[in-house]
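> here is a sequence together with a model predicted from it:
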Amino acid sequence: MTTKPKVFGHLLVEVIRPERCVACGSCVSICPVDAISFVDGLPKLTGKCTACGECYMACPRVEHDFGESEVGALGRNRSADEAAHGILLGAYAVRTLQPKVKEHAQDGGAVTSILLSCLDVGASAVVAGLDKEKAWFPVPVLARDNHTVIECAGTKYTSAPMLLAVKQAEKEGVKKLAFVSTPCQIQALRRRQKNASETDTLALGLFCMETFNYDKLMAYLKAQGVDPEKVKKFEIKSGKFIAHREGELPFEAKIRKLKELSRNCCRVCLDYTSELADLSIGNVGSPDGNSTVLVRTQKGEAALRVAEKKGLIEVKPLKDYQPGMSLVDRLSDMKKKENSGKPLD
Ligand SMILES: Cc1cc2nc3c(=O)[nH]c(=O)nc-3n(C[C@H](O)[C@H](O)[C@H](O)COP(=O)(O)OP(=O)(O)OC[C@H]3O[C@@H](n4cnc5c(N)ncnc54)[C@H](O)[C@@H]3O)c2cc1C
């Protein structure tokens, strides 16, 4: 007996209505008949569904066996020692040696320098840029040149549907891709790779405790007298959310006070370090001016070493620094504990 595939209606009931949807664009981008569109930031059936079930299979938020995804993406399951941070071949403190990257990057510029190294060998990159009309509104960008990759450096603490740019890449016949995003969207990428993609993709996953709801964040900033147009950089450091402004003192608030600005979908996420990525990158654990880079696959290791050999980055073992992996593990465990089995309101 063949079972009918689950379709968009199931996504609506299981994911979208209960506010578990991360708005990654995976379902929109995989639909073979373009029947799903983004409407007000969420996927909506706007065409005729052929009930193929591709959208359901590509969603990172439907119930699925994470262990199976881990084997599919990384070739094995984690050992007991790797429980908190996921599969780990090496952990490093990395900083860019490229002044232009340093100027634009969020932390050590590891992500941007590794992307530039990938572009050198003919890859394109999916990165988050900013909308020209709407302050700090992130948009997916398929970058083909160094200038665009550098311009898109830096953290946007709200979310963009990055999988839409993967579809664009596939449509344009891109053969090699470097994809950057948060843990949920790395999971979406892996589900897509399992089901459809033939593009050779390097997955660079960012550490992420949560993303903010764009409208709520903007309203909060305005209520605090912060003009988002004047903010040059947002940062989360030592438990504080900081908005660096042009010609003014930075605005600072305790991060726990901003809890209600985070997206509901983040409250069921157990993945702090992008556990399915080839390389996972954050700032906690390594000294200021560095990025913490966790290598999870041989492909990730090769990308890191090529960038190092080209003289784009300096790579030091993370174990030489405090707090190193102990802080990464603590925050990873904290996220898993806080969000495990938590029902959404
Ligand atoms: C929402 C969010 C939450 C984060 N939370 C943590 C945290 O709790 N702890 C921690 O250690 N690190 C966190 N990070 C990661 C951290 O902010 C830096 O991105 C990381 O340290 C890499 O720094 P870098 O200088 O190497 O990156 P850069 O060289 O500046 O490159 C950053 C890359 O990330 C892309 N990017 C930026 N924002 C987004 C986005 N919203 N979606 C997809 N791609 C994006 C950029 O386009 C760029 O390609 C978070 C990042 C994000 C986006």
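Okay, I see it. Residues are numbered from 1 along each chain as shown.
> residue 161: how many residues sit nearby?
Residues near residue 161, counting by other CB atoms under 10 Å, number 26. Any C-beta I mention is one placed from the backbone N, CA and C, and that applies to glycine too.
> also residue 295?
Neighbour tally, residue 295, other CB under 10 Å: 23.
> do residue 159 as well
Using other CB under 10 Å: residue 159 sits among 24 other residues.
> contacting residues for it?
Contact partners of residue 159, counting by CB atoms under 8 Å, 6 or more residues apart in numbering, are 22-24, 138, 182, 185, 211, 214, 263.
> neighbours of residue 188, how many?
Residue 188 is flanked by 28 other residues according to other CB under 10 Å.
> repeat that for residue 137.
16.
> that one and the ligand: what is the separation?
Here the criterion is CB to the nearest ligand atom, to the nearest Å. By it, residue 137 lies 11 Å from the ligand.
> wait, what's in contact with that residue?
Residue 137 makes contact with 130-131, 158, 214, according to CB under 8 Å, 6+ apart.
> same list (those) but as a markdown table, adding distance to residue 102 and secondary structure.
Shown next, in a markdown table, are those (distance: CB to CB, whole Å; DSSP: H, G, I helix; E, B strand; the rest coil):
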| residue | distance to residue 102 | secondary structure |
| --- | --- | --- |
| 130 | 19 | strand |
| 131 | 25 | coil |
| 158 | 24 | strand |
| 214 | 28 | helix |
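> pull out the buried residues from the residues you listed.
With burial judged by 16 or more other CB atoms under 10 Å, the buried subset of the contacts of residue 137 is 130, 158, 214.
> sec struct for residue 256, please.
The three-state assignment at residue 256 reads helix, by DSSP: H, G, I helix; E, B strand; the rest coil.
> counting neighbours, what do you get for it?
Residue 256, neighbours per other CB under 10 Å, totals 9.
> for it, which non-adjacent residue is closest in space?
residue 239 (7.3 Å; CB to CB, 6 or more residues apart in numbering).
> now the strands for the stretch 151-300 of the chain?
With DSSP state E, counting those that start in this stretch as the criterion, the stretch 151-300 of the chain has strands at 176-181, 200-206, 231-237, 240-245, 251-254, 279-282, 291-295.
> format those strands as a markdown table; extra columns: mean pLDDT.
A markdown table is the format used below for the strands of the stretch 151-300 of the chain (pLDDT from 0 to 100):
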| stretch | mean pLDDT |
| --- | --- |
| strand 176-181 | 98 |
| strand 200-206 | 97 |
| strand 231-237 | 97 |
| strand 240-245 | 98 |
| strand 251-254 | 98 |
| strand 279-282 | 98 |
| strand 291-295 | 98 |
